[in-house]
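Student: sequence? don't have it. structure:
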């Protein structure tokens, strides 16, 4: 299957001559590179999962990485505000962009790091516009979350009773409603990307610091 690419005004201003490695995937099958990105996510996630839970499983580490996640968001917002990143379409990315984005999503097995936040940050730094980075993040996160949920259910002990399943189902419903509301909000193309990233970054830093102090005083 081939994908027809319509060049936007943003793409017309992209400098040429960057080499074969950075050439847009004009004639390639986009599904193939999406699968490549998901494969990198799955492989890295499986390799790091057990070790990340063993080393960083303590609540204090989760707070530390939540602060780091916020600092990444603030740094990306600063880069966007300075105009130091391009604004490309998803179809203009090269295969190595998908590898990097998939690897970033795989790092989210570390407690405190946001899966969606990492893919969004790396997508923006790879040159995607705000709406295109959101679109790719959702596109990659859905199969990843479904696969992770299936793995957790497979590894769960047998014979789960209603005392466990009812809170789990309630949490999934609340998370779904919250995610739907968030999607409706951030899909607005008029949303100011640097301000939105900065607000989320300040929230992560504040929440991480508060949680670290809370864990510290609890001992």
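Tutor: Looks like it came in fine. Keep in mind the model is a prediction, meaning the values are calculated, not measured.
Student: what secondary structure does residue 35 sit in?
Tutor: Put simply, residue 35 is helix when judged by DSSP: H, G, I helix; E, B strand; the rest coil.
Student: for residue 117, which non-adjacent residue is closest in space?
Tutor: Take residue 117 and drop its neighbours on the chain: the residue closest to it by Cβ to Cβ, 6 or more residues apart in numbering is residue 69, 5.8 Å away. Where you see a C-beta, it was placed from the backbone N, CA and C, and this is true even at glycine.
Student: tally of neighbours for the one you found?
Tutor: 24 (other Cβ atoms under 10 Å).
Student: how about residue 171?
Tutor: By other Cβ under 10 Å, the residues close to residue 171 number 10.
Student: over to residue 135?
Tutor: 16.
Student: pretty sure it contacts residue 90?
Tutor: Yes: contact between residue 135 and residue 90 holds when scored by Cβ atoms under 8 Å: they sit 6.5 Å apart.
Student: pLDDT at residue 101, what is it?
Tutor: Looking at residue 101, its pLDDT is 93.
Student: which SSE is it in?
Tutor: helix 95-106 (DSSP states H and E).
Student: mean confidence (pLDDT) on the helix or strand just after that helix, please.
Tutor: Next in sequence after helix 95-106, counting helices and strands by DSSP H and E, comes helix 115-125. Mean pLDDT, computed over helix 115-125, is 87.
Student: contacts for helix 115-125?
Tutor: 69, 72-73, 76, 79-80, 85, 100-101, 104-105, 107-108, 130, 132-134, 136-138, 140-141, 144-145, 193, 197, 200, 204 (Cβ atoms under 8 Å, 6 or more residues apart in numbering).
Student: tilt between that helix and helix 95-106?
Tutor: On the basis of axes from the mean of the first three to the mean of the last three Cα atoms, to 10 degrees, helix 115-125 is oriented at 150 degrees to helix 95-106.
Student: so where is the protein shaky, pLDDT-wise?
Tutor: 1-29, 84-86, 159-165, 179, 182-183, 185-192, 219 (pLDDT under 70).
Student: where do the helices sit along the protein?
Tutor: For the chain, the helices defined by DSSP state H cover 9-12, 30-56, 59-82, 95-106, 115-125, 130-155, 162-186, 193-218.
Student: returning to what we had before: mind checking which of the contacts of helix 115-125 are buried?
Tutor: Listed as buried from these are 69, 72-73, 76, 79-80, 85, 100-101, 104-105, 107-108, 130, 132-134, 136-138, 140-141, 144, 193, 197, 200, 204; burial here means 16 or more other Cβ atoms under 10 Å.
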